[in-house]
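Participant: predicted model and sequence below, questions to follow.
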Amino acid sequence: MAFVEVIDVRKVYARDTQQITVLDGLSLSIPEGDFVALMGPSGSGKTTLLNLIAGIDQPTSGSISVANTNISRMTGAPLAKWRSENIGYIFQLYNLMPVLTALQNVELPLMLHRMSGAERRNRAKLALELVGLGDRFDHYPRQLSGGQQQRVAIARAIVSDPRVLLADEPTGDLDRKAGEEILELLERLNTEFKKTIVMVTHDPHAAERAHRMVHLDKGVLSA
Amino acid sequence: MLSLVFVNLFRNKLRTFLTLASVFVALFLFSSLGAILDTFQAAADSGSRERLAVRHAISLTNFLPGFYKSQIVAIPGVKRVCTQTWFGGIDPQDRKAMKQRFAVDDDFWPMYRRDFTLVQWSEPQAAVSLPPETEPHLAAYWMERNACVVGADLFRERGWKLGQTIHLEGTLFRGTWDFVIRGVYHKTEDGTWSDDLILFHNEYLQERGLGGRDLVGVFKVEIPDKSQSAAIAKQIDVLFENSDNATLTQSEQAFGAGFISMFGNVPFALRMIGFAVVFTILVISANTMVMAVRERTSEIGVLKTLGFTDGAIFGMVVAEAAILTTGGGLLAAAVAKFGLDHAPFPIFNTLTITWATVLTAVGIAIGLGVVSGFIPAWQASRLRIVDALRRVD
């Protein structure tokens, strides 16, 4: 079985009286250590697929396994615990807590693990140093550039050492230079730290960094 | 996670401060209203079951004829009867002070000997023979028609001296009244009176205020065997039931409670006001929390994405609300308990707030937090991650 195994997944949303099929019998296998770019036009179901793999949404039918765990029927606290141990999620708009410093933002996922405050801070510092922000521990998000904020978000995603990183258009809100830095960082996490990465992107240039491109159109794989 | 709760609590400092202030004001008001009720209750609880109080059957403000005393004391089982008449009066130096002043007769002192300890007294100009069981240091008081004995708290508060003549403006009994301080009492541990009374001779009141008429406000009756109290009370009322001035005889405790009942439904109204205040603050606090959570919808989505459980989110929101209201409640209870004594308004100085009322206020504050935080916490915990992340405020 592949590391990420999506089998015949359907996702249907109800909007008023309408049923909207976003994913329609989609199957996909991603081996461990792969770096996959999910591409496709708006509304093709890229982010929905990413959310299903992250366990933050549930399929209408079909099954999804990640790291040998079938998450398609998991709910509540067990699913939340699984997410905290296995998934690092990177948002397009960073989604940092504005009232917390960079270090405190990175510490957040570690609050769910049994460890002392000192250990938590040390690990968060390590993660920030890894993304090149060793001199920005006490800066608030508003004091950082977009690229720096996304690097804080990546540090937050990797701090609990998850096996899978899911990135939803991580360079979508950045200029080209900052975007390149983020892509280089993701490449490094994939090659040096063996993280399995699934990245949603509109940008063909960004997708070229991945080992494999997967195209979606109207809820099915197109090529 | 508690650190995260505190960070969220102070992210909008003005709103937090205003909510805290409104909780403080509301619970201070609640505690103060509770203090008024406590004071009423303390008045109702004061008094002894071994003593009876005889008043006019129509109203406490009606006088009884003084000659009733000799008839009451003749009833078997009655040891002693004293008189006590409300004087009122205003202190020109402190017109707002609501102190109690009573005219009492000679039997008052032996009857209440266990309630008072004389701590300062003037020496008599000549030897005098006092009634049995009377405090010997009251000799100077005894010899002077307009002498008075004052409570130690009042004596200290006003900076008075023994032998000093004080002046009161009569209210019920018109004119300026002079009193010479001949003694200072301190209430005993079990004493039923406060330490701020002015007690003076009944004869002085009768001569100056009642035109020599022998009228009395209340008779107090000492019954050594309290099992006879009910029977004797009935006997007294039967004795005068067909006269122009029928009596109502109760235990001293019931008399205190009856005095409070003169306020009619005021205690009930105070309770209702208190509950209305608490309900209002519940709505304000809940509104604050709903707004706070709504502003943080996408952040809640992020926390859940990171692995925070629904229960953890619920707990954090409830904790935030509870800390907010408990902070205001503790502050209000502390100010009410320890600050009322030093309030610049004399009416507050006389209030007594019990620990039970303080704890009730703190309990209400915690309860307010939990209740006001419950709905937003429930909403936050039930929020689907994808919906939360989609929402941009």
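Facilitator: Arrived safely. Only a predicted model underlies this, so the values are computations on that prediction, with no experimental measurement involved.
Participant: neighbours of residue 86, how many?
Facilitator: I'll assume chain A. By the measure other C-beta atoms under 10 Å in any protein chain shown, the count of residues near A:N86 is 19. Placement of C-beta: from N, CA and C, glycine included.
Participant: that was the other one, I meant chain B.
Facilitator: Summarising burial for B:W86: neighbours were counted as other C-beta under 10 Å, giving 16.
Participant: try B:G77
Facilitator: Around B:G77 there are 14 other residues, counting by other C-beta under 10 Å.
Participant: the residue in chain A that chain B sits nearest to: neighbour count?
Facilitator: Of the residues in chain A, the one nearest chain B is A:S84, at a distance of 2.5 Å by C-beta to the nearest C-beta. Using other C-beta under 10 Å, the number of residues around A:S84 comes to 21.
Participant: likewise A:L133?
Facilitator: A:L133 sits with 22 neighbouring residues when counted by other C-beta under 10 Å.
Participant: what helix or strand is it located in?
Facilitator: With the criterion set as DSSP states H and E, no secondary-structure element contains A:L133; it sits in neither a helix nor a strand.
Participant: still on that earlier bit, what are the phi and psi values at the residue of chain A closest to chain B?
Facilitator: In this entry, A:S84 is assigned phi and psi values of phi -70, psi -20 (degrees, to the nearest 10).
Participant: ok, B:R55 next?
Facilitator: Torsion angles at B:R55 (phi, psi; degrees, to the nearest 10) stand at phi -130, psi 170.
Participant: kindly report the same for B:I75.
Facilitator: According to degrees, to the nearest 10, the main-chain angles of B:I75 amount to phi -70, psi 130.
Participant: how about the contacts made by the residue in chain B positioned nearest to chain A?
Facilitator: Taking C-beta to the nearest C-beta as the measure, chain B has B:G307 as its residue closest to chain A, at 2.5 Å. With contact set as C-beta atoms under 8 Å, 6 or more residues apart in numbering or on different chains, B:G307 has these partners: A:80-81, A:83-85, A:109, A:112.
Participant: and the buried ones among these, selectable in PyMOL?
Facilitator: To isolate the buried members of these in PyMOL, using 16 or more other C-beta atoms under 10 Å in any protein chain shown:
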select buried, chain A and resi 80+83+84+85+109+112
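Participant: who in chain A is up against chain B?
Facilitator: Residues of chain A found near chain B, taking C-beta under 8 Å from any C-beta of the partner chain as the criterion, are A:51, A:54, A:56-57, A:76-77, A:80-81, A:83-85, A:89, A:91, A:95, A:97-100, A:104, A:108-109, A:111-112, A:156.
Participant: check which helices and strands the lengthiest helix in chain A sits against.
Facilitator: Using DSSP state H to define each element, chain A has its longest helix at helix A:176-191. Contacting helix A:176-191 under the criterion 3 or more C-beta pairs under 8 Å, 6 or more residues apart in numbering or on different chains; DSSP states H and E are the following elements: strand A:35-39, helix A:146-158, strand A:164-168, strand A:196-200.
Participant: up against chain A, what does the stretch 201-350 of chain B have?
Facilitator: Counting by C-beta under 8 Å from any C-beta, the residues of the stretch 201-350 of chain B lying close to chain A are B:298-299, B:301-311.
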